[in-house]
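1. all I have is the shape, not the residue letters:
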């Protein structure tokens, strides 16, 4: 089973000069044309981390903090046959967390803990909106003795501020052109989503899949792109999720070496997956073996290859996003996944800083990825491809991203990437890639 980890040097070969530098390669590829795919062989990738010249005394390894993310349905848990409160309760028992990080602000959590400790009741109106907490988490806390931590920065005042800003956007003359563009973007996104294979909405295995993350991100994309800056800090979509993530990491840092379970609405968890996947200070644990039926759940070899493909493409997405100037947070994520020697790291980070993006959304520049498909395979290799679109592309405009993965148990993900083909438009960046 694939567990995404920070990418060590030589984990897989990544196209783009930056990724090759990160992985220890320094080829000089010719400049691509506007339409020709770029194919980068990557079977041999030396490590960029030089061994220490002086042996150090062996120190006992500190226990790693394990972090799991569980997507919730809020009120829909009350009627769901697949992901109801009983299934949720059993999942938490199987995980056995030391800490549960909940989608509640500090004041709401404090109020709920006070009444629960005193009389075993919840009276806070915000908390009462979450049956997963009222009927599952608080009762389990008494027997399992886990700690509750706040993982959200959201309360009635912020909600009112957001609603007021959205109302202004919908009526003020100054936003007339943006509203028209927003409607076009929503329609395109909805059409793109309609063309993607969808899982069952309340199936916990779909909720905790890479496909669900892509679909949730697409649903939020137009709103984030057009309203995040207008709504502003801390209530805009990207802004508030960044605040949530900082709250989560604050809780993680308070409990080193423990198992931390993050419970958040399913539509939000893609944001945390993208951040936690490359965080070098934690073990980001796949939650699916703990879901209903998880005891017998196991990925096939082909499914494992597709999972590795997803993780690798996410690494590329971070780099593409940064150099296409389309996210403020790519810089942070690139820093987290580097494993270079200090001198090489300093040189690379200087180049990254010089071209740092100023926008907050990947919505316009993408890429928009479909569902990966295994198109050929052998005994220990898989050829995988995924449809790629730029925002505004029609189905006939789609191009393909292709990779060949070879089984290699010595690699962190269990595979080595021996070939990767990307559409040339993904390399057409405004900032110059380091050569």
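-> Received, thanks. Note that this is a predicted model, so its numbers are computed, not measured.

2. residue 387 - how many residues pack around it?
-> By other CB atoms under 10 Å, the residues close to residue 387 number 19. Bear in mind the C-beta positions are built from the backbone N, C-alpha and C, glycine included.

3. name the SS class of residue 371, please.
-> Assigned with DSSP: H, G, I helix; E, B strand; the rest coil, residue 371 falls in the coil class.

4. just residue 292 next, same as before
-> Using three-state DSSP, the structure places residue 292 in coil.

5. do you know how far it is from residue 101?
-> To residue 101, residue 292 is 22 Å away according to CB to CB, to the nearest Å.

6. more neighbours: which of these two?
-> Between residue 292 and residue 101, counted using other CB under 10 Å, the more crowded position is residue 101 (29 against 18).

7. what sits against that one?
-> 149-151, 247-248, 251-252, 260-263 (CB atoms under 8 Å, 6 or more residues apart in numbering).

8. could you do residue 210 as well?
-> Residue 210 neighbours (CB under 8 Å, 6+ apart): 307, 310.

9. over to it: give its phi and psi.
-> phi -60, psi -40 (degrees, to the nearest 10).

10. ok, residue 264 next?
-> Dihedral pair for residue 264: phi -150, psi 160, per degrees, to the nearest 10.

11. nearest residue to residue 126 in space, please, no chain neighbours.
-> residue 108 (4.5 Å; CB to CB, 6 or more residues apart in numbering).

12. the one you found against residue 127, yeah?
-> Yes - using CB atoms under 8 Å, residue 108 is in contact with residue 127, at 5.5 Å.

13. which residues do these two both contact?
-> The contact sets of residue 108 and residue 127 do not overlap (CB under 8 Å, 6+ apart).

14. thinking again about what came up before, restricted to helices, list the contacts of residue 101.
-> Among those, DSSP state H puts 247-248, 251-252 in helices.

15. quick one: which of these is nearest residue 197?
-> Proximity of those to residue 197 (CB to CB) peaks at residue 248, which lies at 30.4 Å.

16. circling back: buried ones among the contacts of residue 101?
-> Among the contacts of residue 101, those classed as buried by neighbour count (16 or more other CB atoms under 10 Å) are 149-151, 247-248, 251-252, 260-263.

17. can I get those residues in JSON lines including distance to residue 369 and pLDDT?
-> Output for these, formatted as JSON lines (distance: CB to CB, whole Å; pLDDT from 0 to 100):
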{"residue": "149", "distance to residue 369": "33", "pLDDT": "98"}
{"residue": "150", "distance to residue 369": "33", "pLDDT": "97"}
{"residue": "151", "distance to residue 369": "28", "pLDDT": "96"}
{"residue": "247", "distance to residue 369": "29", "pLDDT": "95"}
{"residue": "248", "distance to residue 369": "26", "pLDDT": "96"}
{"residue": "251", "distance to residue 369": "31", "pLDDT": "96"}
{"residue": "252", "distance to residue 369": "29", "pLDDT": "96"}
{"residue": "260", "distance to residue 369": "29", "pLDDT": "98"}
{"residue": "261", "distance to residue 369": "28", "pLDDT": "98"}
{"residue": "262", "distance to residue 369": "24", "pLDDT": "98"}
{"residue": "263", "distance to residue 369": "27", "pLDDT": "98"}
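
18. which among those residues gets closest to residue 402?
-> Using CB to CB, the buried ones among the contacts of residue 101 come closest to residue 402 at residue 262, 33.9 Å.

19. ok, what's across the strand from that closest one?
-> Going by DSSP bridges, residue 262 is paired in beta bridges with residue 69, residue 101.

20. cool, and residue 373?
-> The bridge-partner assignment for residue 373, based on DSSP bridges, gives residue 385.

21. for it, give me its contacts.
-> With contacts defined as CB under 8 Å, 6+ apart, residue 373 is in contact with 384-386.

22. any chance of those residues in CSV with neighbour count, distance to residue 74 and pLDDT as columns?
-> Shown next, in CSV, are the contacts of residue 373 (neighbours: other CB atoms under 10 Å; distance: CB to CB, whole Å; pLDDT from 0 to 100):
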residue, neighbour count, distance to residue 74, pLDDT
384, 23, 35, 96
385, 17, 36, 95
386, 19, 31, 94
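
23. so which of the residues you listed comes closest to residue 275?
-> residue 386 (22.4 Å).

24. surely the closest one meets residue 368?
-> No - if you go by CB under 8 Å, residue 386 and residue 368 don't touch, sitting 10.1 Å apart.

25. not counting sequence-adjacent ones, nearest residue to residue 284?
-> residue 276 (4.7 Å).

26. and the strands in the stretch 201-350 of the chain?
-> Secondary structure of the stretch 201-350 of the chain (DSSP state E, counting those that start in this stretch): strands at 259-265, 282-284.

27. ok, the last one: who's next to it in the sheet?
-> When you say that, I think you mean strand 282-284. strand 65-72 (parallel).

28. the following helix or strand past the partner strand: how far from the chain's middle?
-> Helices and strands here follow DSSP states H and E; after strand 65-72, the next one along the chain is helix 85-95. Averaging C-alpha positions (CA atoms, centre = their mean, to the nearest Å) puts helix 85-95 23 Å from its chain's average.

29. residues of helix 85-95 that come out buried?
-> 85, 87-89, 91-92, 95.

30. swap in stretch 363-382?
-> 363, 365-370, 372, 374, 382.

31. what average pLDDT does it get?
-> The average pLDDT within stretch 363-382 is 89.

32. in the stretch 51-200 of the chain, which spans are helices?
-> Secondary structure of the stretch 51-200 of the chain (DSSP state H, counting those that start in this stretch): helices located at 85-95, 106-119, 131, 138-144, 156-171, 176-194.

33. among those, which comes closest to residue 242?
-> Nearest to residue 242 among the helices of the stretch 51-200 of the chain is helix 156-171 (13.6 Å), distances taken as CB to CB.

34. what average pLDDT does the closest one get?
-> 93.

35. what's the angle between that helix and helix 106-119?
-> 140 degrees (axes from the mean of the first three to the mean of the last three CA atoms, to 10 degrees).

36. sketch out the low-pLDDT regions of the chain for me.
-> Within the chain, the stretches with pLDDT under 70 are 1-61, 318-341, 345, 348-361, 365, 427-435.

37. one step back: quick check: which of the strands of the stretch 201-350 of the chain is nearest to residue 234?
-> In terms of CB to CB, the element of the strands of the stretch 201-350 of the chain nearest to residue 234 is strand 259-265, at 16.3 Å.

38. please state the offset of the closest one from the chain centre?
-> Offset of strand 259-265 from its chain centre (CA atoms, centre = their mean): 14 Å.

39. helices and strands around it, which ones?
-> When contacts are defined as 3 or more CB pairs under 8 Å, 6 or more residues apart in numbering; DSSP states H and E, strand 259-265 packs onto strand 65-72, helix 85-95, strand 99-102, helix 237-254, helix 269-276.
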